[in-house]
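J.: Build me a model:
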Amino acid sequence: MGAQPRISVTLPVYNGERYLGHAIGSILEQTFPDFELIISDNASTDATEDICRSFEAQDRRIRYFRQAKNVGASPNFNICYQLASSEYFRWAAHDDFLEPEYLEACIEALDAAPDAVLCQSLVRLVDDQDRLIEVYRAVEPAAASPDPAARFAARMQNPRCLDIWGVIRMSALRDSVLIGSYVGMDRALLLELALRGRFLSIDRPLFSNRDHPERATRITRTQTRKDLATVYDTANAGQTVLSTWLFYRESAGIIRRNLDGAGPRLRCFGHLLLSLGRTWNLAFLVIEPLMGLTPSVHAKAKAFKRSLWRAKQRLLGQT
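T.: Here you go, the predicted structure:
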């Protein structure tokens, strides 16, 4: 390929034949041409391999890798990172797509702000027919603050993690937690990135996130903790992974590792503790060990938490 491109766009995929061509096509149509597309196929059993190899044969910017066996979603995401070496990095999903100006706008913003580590545009949430559901701001305004504790708090309070699909400065990912093998691993990585630099927002909807019945986040809602453990990492097959416990342990380590001053550390630990009550995660810490023994507890707890979140959103909409 010659000189290293400025950004590595990576696409971890498993059985993504329905939307994959649209996703790849939207990347190849970017107005910013200086990129490579790395695809890591997690041993798909549908037409994913054929689709990827067809695109690879037509565009020299594509590098396709197929795993010999399904390693799980999290290791496949991290394989993408290990295969990349550009200045900027991005994960892409097989069922999302970009507007042509997306990479150009994000890289231009990051080039102009050396202290920023991530840039994401407004997000269009669409259905399986590309019909608009809503336009969403993935980056909270406070995430652009020069104060790392303020950025940490903004990231903790954001219930969605669509900024994980933004353009990230590669240097900010080095020696980070990357993508852990548990529910909430993307939130942990975003917390670490928030402590390492500012998040930027492009006030145009240049990224479309698709919500459809086969979406991974929808399917996993109906699975037990043991099933989820295997989805995230096949090395955890048959185990019960205490995701809430792992998230808070990881978050505490992130604070200690990235902040030196006692004041900023205490503020971040305070935000972490406040989140236990705000998100009902304190209850999850108590009942989570029971979920592996009684799968029905897991489903009921998640349904209860979702109902509380929806009620909170309705109240906020009325104020």
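J.: And the nearest residue to residue 88 once chain neighbours are set aside, how far from residue 283?
T.: Leaving aside its sequence neighbours, residue 88 sits nearest to residue 7 (Cβ to Cβ, 6 or more residues apart in numbering; 3.9 Å). In this view, the C-beta of every residue, glycine as well, is placed from N, C-alpha and C. From residue 7 across to residue 283, the span is 41 Å (Cβ to Cβ, to the nearest Å).
J.: Look at the two and report which has more neighbours.
T.: The neighbour comparison of residue 7 against residue 283 (other Cβ atoms under 10 Å) goes to residue 7, with 25 against 16.
J.: so what pLDDT did that one get?
T.: Residue 7 is assigned a pLDDT of 98 by the prediction.
J.: my guess is it meets residue 85, correct?
T.: No: the pair residue 7 / residue 85 is not scored as a contact, 10.9 Å apart, by Cβ atoms under 8 Å.
J.: The nearest residue to residue 28 once chain neighbours are set aside: neighbour count?
T.: Distance criterion Cβ to Cβ, 6+ apart; nearest residue to residue 28, sequence neighbours excluded, is residue 59 at 5.9 Å. Neighbour count of residue 59, defined by other Cβ under 10 Å: 11.
J.: 210 is where my numbering starts, stick with that
T.: I'll keep to 210 as the first residue from here, and by that count the last item is residue 268.
J.: buried stuff in stretch 361-373?
T.: For stretch 361-373, the neighbour count (16 or more other Cβ atoms under 10 Å) marks 361-365, 367, 370-373 as buried.
J.: whoops, stretch 214-232 was the one
T.: 214-226, 228-230, 232.
J.: same deal with stretch 240-260?
T.: Per 16+ other Cβ under 10 Å, stretch 240-260 contains these buried residues: 241, 243-253, 257-258, 260.
J.: ditto for stretch 301-314
T.: So stretch 301-314, judged by 16+ other Cβ under 10 Å, has buried residues 301-308, 310-312, 314.
J.: any chance of these in a markdown table, with secondary structure too?
T.: Shown next, in a markdown table, are the buried residues of stretch 301-314 (DSSP: H, G, I helix; E, B strand; the rest coil):
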| residue | secondary structure |
| --- | --- |
| 301 | coil |
| 302 | coil |
| 303 | coil |
| 304 | coil |
| 305 | coil |
| 306 | strand |
| 307 | strand |
| 308 | coil |
| 310 | coil |
| 311 | helix |
| 312 | helix |
| 314 | helix |
